[in-house]
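# How does the following fold in three dimensions:
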Amino acid sequence: MLRFGLRSMLRGDISVNTAAREYMRRLQTAKALERERRTVDDLARTPAQLVPEYQQLSASDLLEHFRSANRAKFFAGFEHSSASANLVQTTFRPQADEIVESAKRLIDHRWPLLGFGEKDFGREINWNRDPLSGRVWPAEFHADIVLWHNDGSDIRVLWELNRLGHFLTLGQAYALTRDEAFAEEFFGQLDSWRDQNPLGRGANWCCAMEVALRAMNIIGAFVLFRDSPGLTPQRLMNLLAMLDQHGGHVERNLEFSHVSTSNHYLSDLAGLLWLGIMLPELSSAAHWKQWALDELLREMDKQILPDGADYEASTGYHRLVLELFLYSFILCKNNDVPIEDRYWQKLHSMFKYLRAILRPDGFAPLIGDTDSGQVLPIMQRRADDHAYLFPIGASLFNDSALRTPDGELSVEACWLLGAAGVDVYKNLARAEEPAGSEAFPAAGTHVQREVDLFLLFNTAGAGINGRGSHGHNDGLSIEVSACGRAFIVDPATYVYTADLAERHVFRSTAYHSTIQVDEREQNSIQQSKPFVVGNEGKPRLTCWETSDERDYAAGEHDGYSGPDGKITHERRVTFNKRDRWWLIEDVIHGTGKHEVTARFHFDSGLAVTAERPDLAFAYDEFSGSRLFVHSFDAVQACELVQQFSSKDYGAKEPSTAAMWTLTADLPCTLRWAIMPVCSDESAETRLNLIASAELSQSVSEPMP
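Predicted coordinates:
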C-alpha cells in the first residue's frame, strides 16, 4: 500500500513526467516491501556474507586480520587512538575528564539526549521505550510502524537513543584510560541492542537514515575497541553480521524519490559508503562503496546550492549535511578512493557559507528546522554550535579564513585528523574577521556585518524546490546581533512530534521577526502534517548592494494573497555602518483594509521593556548592552508578547517579542530603526541620532 497520496507527491515544482516516474517507483517499492516482509526473519538469521578470501578464515584468524595493519583505514585520530588520547589530555584536559566521567555514567545507564538533559535508562535498557513518554514501540514489521501519536512520545528521541552515538564516548574513555570496564559496557550494550531489535522489526528499523547513522557510529566505536581483549572471535562475528544486516536493510529501503531527496537519502548513502570502505571483507562491500559514492556525488550536485548552502532552507540541516560530506570525503581520502576536485571545492564552499553566517558570538542562527542531529557525535554539541567543524575544514583545505576568531582547536579535530592534521591547523595564519557583508542569493541568506554588528536578512523559500519539509514561515525575517550578543533571533524548532501544537507554533509566521497580515500564514501548514509546508509565499531578493558606508537589501513575497486580492510584503533593510544602526522599511502592497502586525523576537535571557508606545528595548544585564527598536509610524502602543526560543532540540526558554499591530488601508508603509547601545555608549546620544535621522525616501533607495 502506498504511504503517500497524489496531493503530497505533487507539492512543489514537479513535472507530470516526474510524478509518473515517482508513482511507478512507489508501486515497485510496495512490492519490494512485501517480499521483504516474507523473508525478513530468514535474513535476520543469516550470518555475515564474506568474500571468498575471508570465508576460508576461522573467526580467530579473522579477528587477527581486523587487528592487523592490512585493513581499511578510519579517521587518523581513531587509528592512532593512544596518540590522540594524549593529544586530547594535553590540549583539552577538562573535556578529557568530562569524557571519562560521562562514560562512567554510561555504565550506570545514564546519559543526556539532545536538549532533554540526562536520562536514566534503568538497569536493563529497553531500546524500544521512548525516554520521554514511556511508550514502547511494538516489534512489528518496520513498514507497519506508526511514527507519531501526539501523546508526548517522540520518535526522534527514540531514534537518537538508538543511533548509539554514546558508544563513541565509551570508546574515547577507553582510549584515554584503557579501562576494560568501558569495553565490556560497549560489548554488553551491543548484545542487548541486537537481542531486542531483530532485523526489520520495530521502530529502530523503520527509517533507513537511522539504520545508516547507527552503523556509522558502531564502526567508529569498533575501531576504538578493536584491540580490547574483550573483543572475542564470536563477538566479532556477531558484529559483522549486524553491520552486514544494517547495510542490506539500508539498500532495500533507500529513502530515494524522483520528486525530492534530502538529508535522509544522503545519510543512507553515507552509511553504505562507510560500510563499503571499512568492511571490504563483506561480499556486498565493493558494490556499496562504488554505487554509494557515485550517488552521493550526484546528490551533492542536486542538494548543495551554487553558493554552498544545503537546499533544505535550514542552517541546522546544513550542519548535518556538511558533516555527511566532510567525514565521507576524509574517509575516502584516507583509503585512496578518488573524488573529483570540483566536489572538494563544493565542500569548501559549504564551509565558506557556514563561516559567513556565523554570528560574532561564534554561534549560528537557527533558520528553519534543527533537530540537533550530528553524524559522528564525538562531543554532544548544542544545535547552534557549529564552530567545532572549522578547525577540520581549515586544516583540510589549508584555509586560514576558516579559522574562528578565537582560533580554538576542537576535540573533534583531534580524533578526525590526528596529530598531523592538528599541526597543519596550528601552523595556519591567525584568523581574520569574516569578509564583511555577504549575500547568498541561492540560499536566500544575506548578512550585513561590520565588526560586532550583524544582521541576517532571510529570503529563503520553503526549501527542496518548494516541497518544504524543514522550512519555516520566516520569509523576510531578520536576526540581529550587536556588542557581542544576539538580540533578535529566530526561535528555532523545539520539538517535532512530541507536541504537534508546539511544532506548529515554532514554525509559524507569528514566531518570526517579520510582518504578518490578517493573522495569515505566509505558507500553508497543517498541524497533522509536521513535515509539510506550502510554497505560496516564494520570497525573493530584489536588490543587494554593499559599500564601506552602507548596505542595502530588499526582498518581497506574496504569501498573504488570497480571495480578497494580491498582497505583497516588501522589506527594505538599510545598514548605516558609520552610525551603527539599521533602517527597516516594510511596504505592504495591496488594496482594502487589513490588520498588519510587526514582531521582533528577542533572545532568551534579555530584559525587554516598552516604556513608550514607539519604543522597545532589550537589555543584557551581564554586559550592560542594549538594543532599541523604534517605530516611526506607530499608531498603537508596542505590546510585549511572551514566547519561547530554543537552542537545542527538546529545550526551550522564555523569551519576549515586541509587537505592533494596526489596521490600515493598503498600501501602507511601516518604518523601524534598530540601534544597538553598547555598555560604553550613551543611550541618550544614540536615541537622539534616531530622532534627528533624515528619513527621506533617498535613505532607503538603492545606492547610485
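
# C-alpha from now on. contacts and neighbour counts both.
Will do.

# list the buried ones in stretch 437-451?
Using 16 or more other CA atoms under 10 Å as the test for burial, stretch 437-451 gives 437-450.

# whoops, I mixed them up, stretch 510-518
510, 511, 512, 513, 514, 515, 516, 517.

# Redo the residues you listed as TSV? Include secondary structure, pLDDT and distance to residue 561.
What follows is the buried residues of stretch 510-518, written out as TSV (DSSP: H, G, I helix; E, B strand; the rest coil; pLDDT from 0 to 100; distance: CA to CA, whole Å):
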residue	secondary structure	pLDDT	distance to residue 561
510	helix	97	17
511	helix	98	20
512	coil	98	19
513	coil	98	20
514	coil	98	16
515	strand	98	14
516	strand	98	12
517	strand	98	9
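
# quick one on the thing from earlier: ok, so of the buried residues of stretch 437-451, who is nearest residue 272?
residue 443 (28.7 Å; CA to CA).

# Could you look up the SS state of the closest one?
coil (DSSP: H, G, I helix; E, B strand; the rest coil).

# Now do the contacts for it.
305, 307, 309, 310, 311, 313, 459, 460 (CA atoms under 8 Å, 6 or more residues apart in numbering).

# The same query, at a cut-off of 10 Å, please.
Counting by CA atoms under 10 Å, 6 or more residues apart in numbering, residue 443 touches 304-314, 353, 458-461, 463.

# Alpha carbons of stretch 262-277, as PDB, please.
Only the C-alpha atoms of stretch 262-277 are listed here, as PDB (Å, rounded to 0.1, in the frame of the first residue of the first chain):
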ATOM      1  CA  SER A 262      17.100  15.200   1.400                       C
ATOM      2  CA  ASN A 263      19.500  14.600   4.300                       C
ATOM      3  CA  HIS A 264      17.700  11.200   4.800                       C
ATOM      4  CA  TYR A 265      18.900   9.800   1.400                       C
ATOM      5  CA  LEU A 266      22.300  11.400   1.900                       C
ATOM      6  CA  SER A 267      22.600   9.500   5.300                       C
ATOM      7  CA  ASP A 268      21.600   6.300   3.600                       C
ATOM      8  CA  LEU A 269      24.300   6.700   1.000                       C
ATOM      9  CA  ALA A 270      27.000   7.700   3.600                       C
ATOM     10  CA  GLY A 271      26.200   4.700   5.600                       C
ATOM     11  CA  LEU A 272      26.600   2.300   2.700                       C
ATOM     12  CA  LEU A 273      29.800   4.100   1.600                       C
ATOM     13  CA  TRP A 274      31.300   3.800   5.100                       C
ATOM     14  CA  LEU A 275      30.300   0.100   5.300                       C
ATOM     15  CA  GLY A 276      31.800  -0.500   1.800                       C
ATOM     16  CA  ILE A 277      35.100   1.200   2.600                       C
END
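
# Find out how far that stretch is from the centre of the chain, if you would.
Centroid separation between stretch 262-277 and its chain, computed with CA atoms, centre = their mean, to the nearest Å, is 17 Å.

# likewise stretch 193-208?
25 Å.

# residue ranges of the strands in the stretch 501-650 of the chain, please?
All strands of the stretch 501-650 of the chain, identified by DSSP state E, counting those that start in this stretch, fall at 515-517, 540-546, 550-557, 568-576, 581-589, 593-601, 607-612, 615-619, 626-631, 639-648.

# Save the buried residues of stretch 437-451 as a markdown table, and put in pLDDT too.
A markdown table is the format used below for the buried residues of stretch 437-451 (pLDDT from 0 to 100):
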| residue | pLDDT |
| --- | --- |
| 437 | 96 |
| 438 | 96 |
| 439 | 97 |
| 440 | 97 |
| 441 | 96 |
| 442 | 96 |
| 443 | 97 |
| 444 | 97 |
| 445 | 98 |
| 446 | 98 |
| 447 | 98 |
| 448 | 98 |
| 449 | 97 |
| 450 | 95 |
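
# Could you say which one of the strands of the stretch 501-650 of the chain comes nearest to residue 689?
strand 581-589 (9.5 Å).

# mind listing what that closest one pairs with, with the direction of each?
Strand 581-589 pairs in its sheet with strand 568-576 (antiparallel), strand 668-677 (antiparallel), by DSSP bridges.

# which of those strands is buried the deepest?
Greatest average neighbour count among the strands paired with strand 581-589 goes to strand 568-576 (a mean of 23), per mean count of other CA atoms under 10 Å.

# and the angle from that one to strand 550-557?
170 degrees (axes from the mean of the first three to the mean of the last three CA atoms, to 10 degrees).

# how far off strand 540-546 does strand 568-576 point, in degrees?
Using the same axes, to 10 degrees: strand 568-576 against strand 540-546 is 10 degrees.

# now the strands for the stretch 351-500 of the chain?
Using DSSP E, counting those that start in this stretch, strands in the stretch 351-500 of the chain cover 438-440, 445-450, 453-458, 478-482, 485-488.

# now do the stretch 1-150 of the chain
Counting by DSSP E, counting those that start in this stretch, the strands of the stretch 1-150 of the chain are 110-112, 118-120.

# Please identify which of those is closest to residue 138.
strand 118-120 (21.3 Å).
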